[in-house]
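A.B. asks: can you look at this prediction? I've put the sequence above it.
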Amino acid sequence: MSSTFVLRTRNTASRRDLAVTVSGSFHRHMHEIGAAVEEFAALSIRVLSPADPRIVAAQGEFLFVASDPVRSVRLVQDRHLEAIRASSFLWLVCPDGYVGQSASMELGFAAAIGMPMYSTHAPSDLTLRQYVKVMPSLAEAVRVAETRPKTRQSEGVLINPRASIAEAHDILERLGAVLTHAGSSGEPAQRAYEYVADIRGKLALPTHLQ
């Protein structure tokens with residue numbers, strides 16, 4: 001009995017390290033998307049986007065959900081893409097095979113960065129089908145994700161703004177000390193560039209801004 005408890009504790013701990021982004025058509029499959037978010041939560045998997053898929057507003061055909069912090073189409077979509085980058089895998093909801101234009105772009109982004117994509121249903125589109133691995137269940141996708149090497153990137157400013165900005169401010173202060181104190185110990189150039197790399201990692205700013 002004690003060994004079973006330890007096993008469950010370890011599984012829960014490992015799952016806390018996993019994060020997922022859910023993609024799909026908000027217009028056609030919002031009920032199924034919401035069910036997937038709830039199931040991931042029950043499995044102790046953090047959903048980076050959409051964390052709360054209740055529709056609260058719209059701008060034309062674009063739907064905003066409760067977890068969207070601002071009502072900007074570009075920022076919300078960029079945040080979703082950065083959530084994919086910071087996830088352990090992407091979960092596609094397409095019970096009838098339909099994948100909308102926005103979700104198709106998200107799948108292309110995930111494919112470009114090498115992010116695993118799972119679903120219980122194959123997309124109708126032949127090309128998209130080559131990149132999405134069909135799983136018998138959501139729980140099986142989690143099990144597979146647990147066995148993969150951890151390659152998640154930090155949750156940057158678009159996903160976790162307060163923590164990212166606070167950490168970046170701390171790094172900037174240390175960078176400032178290196179650049180303005182001639183007598184600082186160690187190799188200043190190496191330390192300065194390390195801090196710059198740290199800032200980029202903490203902010204995890206999208207590379208597609210114009």
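C.D. replies: Looks like it came in fine. Numbering: from 1, shown residues only.
A.B. asks: okay, the closest residue in space to I45 that isn't next to it in sequence: pLDDT?
C.D. replies: If the residues on either side of it in the chain are set aside, I45 comes closest to L18, at 5.1 Å by Cβ to Cβ, 6 or more residues apart in numbering. The way it works is simple: take the backbone N, C-alpha and C, and place the C-beta from them, glycine included. With respect to pLDDT, L18 scores 94.
A.B. asks: so L18 sits right up against V142, yeah?
C.D. replies: Yes: contact criterion Cβ atoms under 8 Å: L18 and V142 qualify, at 6.9 Å.
A.B. asks: what is in contact with these two at once?
C.D. replies: Listed as contacting both L18 and V142 by Cβ atoms under 8 Å, 6 or more residues apart in numbering are I45.
A.B. asks: the more surrounded of those two?
C.D. replies: V142 (23 against 20; other Cβ atoms under 10 Å).
A.B. asks: which residues are in contact with whichever helix or strand the more buried one is part of?
C.D. replies: Element membership of V142 [criterion: DSSP states H and E] is helix 138-147. With contact meaning Cβ under 8 Å, 6+ apart, helix 138-147 is reached by 11, 14-15, 18, 20, 36, 39-40, 43, 45, 88-89, 91, 116, 118, 120, 135.
A.B. asks: kindly recompute the last result at 10 Å.
C.D. replies: Outside of helix 138-147, the residues within contact range by Cβ atoms under 10 Å, 6 or more residues apart in numbering are 11, 14-15, 17-20, 22, 35-36, 39-40, 42-45, 87-91, 93, 116-120, 133-135, 137.
A.B. asks: what's the answer for stretch 120-137, then?
C.D. replies: Contact with stretch 120-137 is made by 32, 36, 39, 89-99, 103-104, 107-108, 110-111, 115-119, 138, 140-144, as judged by Cβ under 10 Å, 6+ apart.
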